[in-house]
Structures are given as C-alpha cells and as structure tokens.
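Colleague: 3D, please:
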Amino acid sequence: MQNVKRTKGKHPVRALVFLTHPTVTLIVILVILVYWRVPTRVQIDLVVDQETFMVDTTDTTAILRSINNQVILVKEGKISYPENHEINAVGFTFPERIVVEALDEFRIEKMTRVPDHKEIRFGLKGVAKRISTGSSETLQDHRLTQFHTLKKSQWLVWIGILGWITATILGWYRLYEEMKG
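Modeller: This is a model prediction of the structure:
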C-alpha cells in the first residue's frame, strides 16, 4: 500500500456544505414541528336542534359521542383556543360535522335552551387529543402543532436564531478560509 500524502488545498465544497448545514437542519426541524400535532385545549360552542337532542345527561362525553355519531343535528359550531388568543376561531355549519375524541378534563361550561329558535347552545371546554370538522370524506384536523408551542416560547426561539446565526457565520468564515487558500 502506498502512503498517500494529503495536500492542503482548496476544498470549497466541504466549506459550502458546512455553510448550508445549519439552514437545512433548521428547515427540517421546522417542517417536523409544523406537522407534529399535539393534544390541544379548546373551547367548543355548539348550536344543536332541540328536536333531535335526545341525550338525557349532562355528561360531556355522552353528549359529544352523540354529536359525533350524528344522533343530533349540529346547526353550527365554533372551535376556539382559550390559551392561544392570536389563533382565529374555526367555525362550521351543517352539513359539516365535528369529531372530538380522546377527551381530557372536558366539561360543559354552559348549556342554554333557546325556545324561540328550538335549539340548545352548548359551551364545552377541555383538552382534545383529536378534534376535526368537515364532511365524512374530508375531515380537517384542528389540533395545534408543536410549531404553535415553539412560537409561545420566545427564549427558545431566540436561542435557535442565535445558534443558526453563529453556525452560519462559522460556515462563511470556513468558506472564506478555503477560498483564500
């Protein structure tokens, strides 16, 4: 075997990879955070048709199970995020349906009967591990993502930005040194 000497020369490709690595890593992390859904604290306001409401209970789980199974007609509804006021509420109307599963700490906040319109208004609040609206073919998931959680943690965002800037500056410096010779 021959002993091959490594010559010190220009390796701009390695320096360019070192320069782009922090940005590519940041983009991959952000894409993962945008699609990673988490259990979400929500407030659900529903208007149901009084004539089809047959649940003789104030148990939140039983009421939502009957709504999910379309035992009762949901005229309209709104999903809002009490801990994230900057996120707009999501509204839906009949014939769309709401699917709420894996509830935690869910409770009925208010229940009002409106005799003039023959409807009942519900205000529900709690944590849902799955909450979707839409037709049976196209349900849209309304849980928040880890990206929403990250945005609320400003010190973590600043640490990430400073780390990215530092790594990018080091990459530019290495590219400069390689090009200089």
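Colleague: can you tell me what sits against the helix or strand harbouring residue 30?
Modeller: Per DSSP states H and E: residue 30 is located in helix 12-35. For helix 12-35, the surrounding residues in contact (C-beta atoms under 8 Å, 6 or more residues apart in numbering) are 145-147, 150, 160, 163-164, 167-168, 170-172, 174-175, 177-179. Every C-beta, even on glycine, is put in place using the N, C-alpha and C of the backbone.
Colleague: mark which of the residues you listed are buried, thanks.
Modeller: Buried subset of the contacts of helix 12-35 (neighbour count, 16 or more other C-beta atoms under 10 Å): 145, 146, 147, 150, 167, 168, 171, 174, 175, 178.
Colleague: in this structure, where's the longest helix?
Modeller: Looking across the chain with DSSP state H, the single longest helix is helix 154-180.
Colleague: same for that one, what does it pack against?
Modeller: On a contact count with 3 or more C-beta pairs under 8 Å, 6 or more residues apart in numbering; DSSP states H and E, helix 154-180 meets helix 12-35, helix 146-152.
Colleague: export those helices to a markdown table and tack on mean pLDDT and distance to residue 95?
Modeller: Below are the helices and strands packed on helix 154-180 laid out as a markdown table (pLDDT from 0 to 100; distance: least, C-beta to C-beta, whole Å):
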| stretch | mean pLDDT | distance to residue 95 |
| --- | --- | --- |
| helix 12-35 | 80 | 28 |
| helix 146-152 | 79 | 29 |
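Colleague: so which of those comes closest to residue 86?
Modeller: Nearest to residue 86, of all these, is helix 146-152, at 8.8 Å by C-beta to C-beta.
Colleague: ok, now how distant is the residue lying closest to residue 171 once chain neighbours are set aside from residue 162?
Modeller: Spatial nearest neighbour of residue 171, chain neighbours left out: residue 19 (3.2 Å); criterion: C-beta to C-beta, 6 or more residues apart in numbering. Using C-beta to C-beta, to the nearest Å, residue 19 is found at 17 Å from residue 162.
Colleague: below-threshold pLDDT in the chain: ranges please.
Modeller: Within the chain, the ranges that satisfy pLDDT under 70 run 1-12, 50-73, 181.
Colleague: buried stuff in stretch 130-139?
Modeller: Those would be 130, 131, 132, 133, 134, 139, for stretch 130-139 by 16+ other C-beta under 10 Å.
Colleague: ditto for stretch 143-157
Modeller: 143, 144, 145, 146, 147, 148, 150.
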